[in-house]
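Engineer: After the sequence you'll find the predicted model.
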Amino acid sequence: MKEAMFWEKGDGKTVQCHLCGHHCIIKEGKRGICGVRENQEGKLYSLVYGKIASVAIDPIEKKPLYHFKPRSKVLSFGTVGCNFRCTFCQNASLSCSSPDSPYLNDLTVDELVKKALDFDGVAWTYNEPAIDFEFSYDVSKKYKEEGGGYVVYVTNGFIENEPLEKISPYLDAMNIDIKSMSDRFYREIVGGKVQKVLDTAVKARELGIHIEVTYLVIPEHNDSEEELREFSIWVVDNLGEDTVTHLSKFHPSYKMKNVPATPSSKMEQARKIAEDVGLNFVYLGNLPADNDTRCPNCRKAIIKRSYFSSGEPNLEDGKCPRCGRDIPITL
């Protein structure tokens with residue numbers, strides 16, 4: 001347990017958290033929406049500092065990040081809790097779990113950094129990393145100071161600007177999950193507001209963080225042609241036409257087990273819509289698909305992929321070897 005960052009005292013012994021877009025007002029002895037930040041005697045504490053629920057060694061492509069350090073190995077960490085309540089959550093065993101869980105393992109900052117130095121980078125993932133801000137910040141900062149590699153957030157994007165700015169010197173890449181363009185969808189199915197997520201994506205790009213976005217295509221919920229086009233246009237207009245965009249196939253899970261999996265035909269349609277709007281690098285996730293990176297100008301294969309395995313990038317000084325177009329890949 002550690003005193004939290006980004007909060008202020010309220011009336012009496014209440015506190016208000018300013019870590020994410022909820023700005024929870026928390027009474028003494030109570031926790032915020034995330035379930036892991038608690039008011040104890042008028043101070044806000046993180047209950048998951050140094051508490052690890054899941055550890056794995058992953059290819060960076062699994063995050064998914066396709067244009068960032070291809071073929072590298074990343075040490076992935078997650079804890080419990082989330083500031084959203086997605087009814088389709090695919091990691092509900094972690095996001096809906098409690099910091100009182102006996103299955104959490106304790107790790108100090110130094111212990112985690114020592115483990116991470118054996119790999120190309122660190123990824124905060126599996127549950128929402130922002131709610132464990134204090135630990136992820138301390139580890140990321142120490143990891144960089146000790147000569148470590150890159151740091152990644154796989155996030156729902158509901159973080160406020162001040163904490164994002166604070167961790168940005170130690171944060172190299174983010175995959176931001178944009179779940180819908182509908183505020184109603186966010187309000188009723190996710191428990192949040194879409195504009196904060198969109199603002200985070202723009203802010204992260206301004207801070208120089210490598211950004212890739214993911215959109216989970218859920219039948220009858222966010223898969224209309226109109227919404228897919230609206231999403232794609234927003235990415236082009238606000239993040240740029242070369243922004244890497246992952247469209248993921250939905251599989252029935254958690255409280256949406258009655259919703260069918262996304263048909264492959266719908267996934268191909270979603271990709272066509274995105275490409276027709278002007279996005280140059282669109283990939284399909286959670287299904288077998290052609291996900292090779294190709295030059296938007298001449299269609300030369302730059303990176304060949306099979307699931308989460310990537311071949312060597314075929315680049316010459318960051319450009320397509322055939323036509324010379326810049327290819328935005330961080331090597």
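Structural biologist: Sure, I can see it.

Engineer: could you pull out the helices for the stretch 201-331 of the chain?
Structural biologist: Taking DSSP state H, counting those that start in this stretch to define them, one finds helices in the stretch 201-331 of the chain at 225-238, 264-277.

Engineer: To clarify, my last question referred to the stretch 1-150 of the chain.
Structural biologist: Under DSSP H, counting those that start in this stretch, the stretch 1-150 of the chain gives helices at 92-95, 109-116, 133-145.

Engineer: got the contact list for the second one?
Structural biologist: Contacts to helix 109-116, defined as Cβ atoms under 8 Å, 6 or more residues apart in numbering, come from residues G50, I52, L75, F77, V122, F135, D138, V139, K142, Y143, E146, G148. (Each C-beta comes from the backbone N, C-alpha and C, glycine too.)

Engineer: where does the stretch 201-331 of the chain dip in pLDDT?
Structural biologist: Residues of the stretch 201-331 of the chain meeting the criterion pLDDT under 70: none.

Engineer: for it, what spans make up the strands?
Structural biologist: All strands of the stretch 201-331 of the chain, identified by DSSP state E, counting those that start in this stretch, fall at 210-217, 244-249, 282-285, 293-294, 301-303, 305-306, 309-310.

Engineer: Can you say which of those is nearest to L19?
Structural biologist: Nearest to L19 among these is strand 210-217; the distance by Cβ to Cβ comes to 20.3 Å.

Engineer: Now do that closest one and helix 264-277, the angle between them.
Structural biologist: Orientation of strand 210-217 against helix 264-277 (axes from the mean of the first three to the mean of the last three Cα atoms, to 10 degrees) gives an angle of 140 degrees.

Engineer: any idea of the angle strand 210-217 forms with helix 225-238?
Structural biologist: Interaxial angle of strand 210-217 relative to helix 225-238 (the same axes, to 10 degrees): 170 degrees.

Engineer: so what's the residue nearest to A56 when sequence neighbours are not counted up against?
Structural biologist: Counting by Cβ to Cβ, 6 or more residues apart in numbering, A56 lies nearest to S76, which is 4.8 Å off, once chain neighbours are set aside. If a contact means Cβ under 8 Å, 6+ apart, then S76 has S54, V55, A56, I57, D58, K63, V122, A123, W124, T125, Y126 as its contacts.

Engineer: Turn the helices of the stretch 1-150 of the chain into a markdown table, including distance to L247, mean pLDDT and mean neighbour count.
Structural biologist: Below are the helices of the stretch 1-150 of the chain laid out as a markdown table (distance: least, Cβ to Cβ, whole Å; pLDDT from 0 to 100; neighbours: other Cβ atoms under 10 Å):
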| stretch | distance to L247 | mean pLDDT | mean neighbour count |
| --- | --- | --- | --- |
| helix 92-95 | 22 | 92 | 19 |
| helix 109-116 | 31 | 97 | 17 |
| helix 133-145 | 27 | 98 | 20 |
